[in-house]
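Asker: attaching a predicted model along with its sequence, questions to come.
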Amino acid sequence: MTQLTGQPTTDDDVVHLTVPADGGYLGVLRTATAGLAARLQFALDEIEDLRIAVDEACAMLLAIATRDAELDCRFAVTDDALTVEVTVPTVRGATLPAESSFAWKVLTALTTAAAATAADGRATISLLTRRASRY
């Protein structure tokens, strides 16, 4: 399997979390994000930026989620990066904010790369953050 990073991962490098699509559960995803980024030895400011980006991505998805939906979150860990993919079933006709929107500006400012797809009644936002080089 190849991620947004272009690097192969194995099942041992992937963490899956599923929570109700409710803002009250976003703390679980933020905490998991911070823990995995800390495991990769991200700097504190990098961890906080990624937590904010995951929160923003989830907020975008919650706005278009079906009633009683679940938010599926997949964390892929490589040597120097963390990719987070958040997916939710969407209401009919739902669209994600445009890439020119403030929400997307936040995502692209806080991560190395961000992408979104919406098809077949599901929307996914993928975030890639690479650890800054330490020399």
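Answerer: Noted; the coordinates are in hand. Numbers count the residues shown, from 1 in each chain.

Asker: please enumerate the strands of the protein.
Answerer: Counting by DSSP state E, the chain has these strands, from start to end: 14-20, 70-77, 81-89, 113-119, 122-130.

Asker: a markdown table for those, including mean neighbour count?
Answerer: Glycine gets a C-beta too; all of them are placed from N, C-alpha and C. Converted to a markdown table, these look like this (neighbours: other C-beta atoms under 10 Å):
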| stretch | mean neighbour count |
| --- | --- |
| strand 14-20 | 14 |
| strand 70-77 | 20 |
| strand 81-89 | 23 |
| strand 113-119 | 15 |
| strand 122-130 | 21 |
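
Asker: among these, which is nearest Val54?
Answerer: Shortest separation from Val54 across those is recorded for strand 81-89, at 5.6 Å, computed as C-beta to C-beta.

Asker: how near is the residue most central in space within the chain to Arg67?
Answerer: A centroid search over the chain (C-alpha atoms, centre = their mean) returns Val84, at 3.7 Å, as the residue closest to the centre. Plainly put, Val84 is 24 Å away from Arg67 if you go by C-beta to C-beta, to the nearest Å.

Asker: same thing with Ala98?
Answerer: Using C-beta to C-beta, one obtains 25 Å as the distance from Ala98 to Arg67.

Asker: not counting sequence-adjacent ones, nearest residue to Arg39?
Answerer: The shortest distance from Arg39 to any residue that is not its chain neighbour, by C-beta to C-beta, 6 or more residues apart in numbering, is 7.3 Å, and that residue is Val77.

Asker: that neighbour against Leu40, yeah?
Answerer: Yes: between Val77 and Leu40 a contact is recorded at 6.6 Å, counting by C-beta atoms under 8 Å.
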